[in-house]
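Participant: sequence and predicted structure below; questions after.
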Amino acid sequence: GSGPMDALLNAVQKQESKILDVFVVTKEDVYESEMGDGEYHHFKDAFWHREQAENCAQQLNEEHKKRFNFEVIAVPVGFPPSKSELDILSKDAQGKPVRLPSHDRTITIKNIAQSLPRNS
């Protein structure tokens, strides 16, 4: 197939380790974090390269002037993918599942695959 998920999994399979870091820009509502019941980092965008993600986050932070906070996290994508949307199908070098700390459930493999630029 040639869908977004196929593009991501093909890229992962090309890695010797069968793990590929992709770079996700997260969005935190600063007001919500200060007044609410915790800090949530929502999915905003995904990139193949850290530099692209950093540029995106920087631009967004300049546009939103402290109302929202945009950060970049590296998300290891493993193969074969886990069946769970919420495990970013990630396993560490020892094969243990890796969970993303303090990020809400919008950071899914589906969102990542659909947001990655079409050409790596």
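Facilitator: In hand now; what should we look at?

Participant: packing partners of the biggest helix by length in the chain?
Facilitator: In the chain, assigned by DSSP state H, the helix with the most residues is helix 50-64. Helix 50-64 sits against strand 19-29, strand 41-47, strand 68-78, with contacts defined as 3 or more Cβ pairs under 8 Å, 6 or more residues apart in numbering; DSSP states H and E. Backbone N, C-alpha and C define where each C-beta goes, glycine included.

Participant: show me the shaky parts of the protein.
Facilitator: Counting by pLDDT under 70, the chain has low-confidence residues at 1, 79-104, 120.

Participant: and the spatially most central residue of the chain, how far is that from residue 10?
Facilitator: Nearest residue to the geometric centre of the chain (Cα atoms, centre = their mean): residue 24, 3.3 Å. As for residue 24, its distance to residue 10 is 19 Å (criterion: Cβ to Cβ, to the nearest Å).

Participant: give me the number of residues near residue 78?
Facilitator: 21 (other Cβ atoms under 10 Å).

Participant: how about residue 56?
Facilitator: When neighbours are counted by other Cβ under 10 Å, residue 56 comes out with 18.

Participant: ok, it touching residue 50?
Facilitator: No: with contact defined as Cβ atoms under 8 Å, residue 56 does not reach residue 50; the gap is 10.7 Å.

Participant: now do the buried residues in stretch 50-59.
Facilitator: Judged by neighbour count (16 or more other Cβ atoms under 10 Å), stretch 50-59 contains these buried residues: 52-54, 56-57.

Participant: now render those residues as a markdown table, adding distance to residue 32.
Facilitator: As requested, the buried residues of stretch 50-59 are exported to a markdown table (distance: Cβ to Cβ, whole Å):
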| residue | distance to residue 32 |
| --- | --- |
| 52 | 27 |
| 53 | 22 |
| 54 | 24 |
| 56 | 21 |
| 57 | 18 |
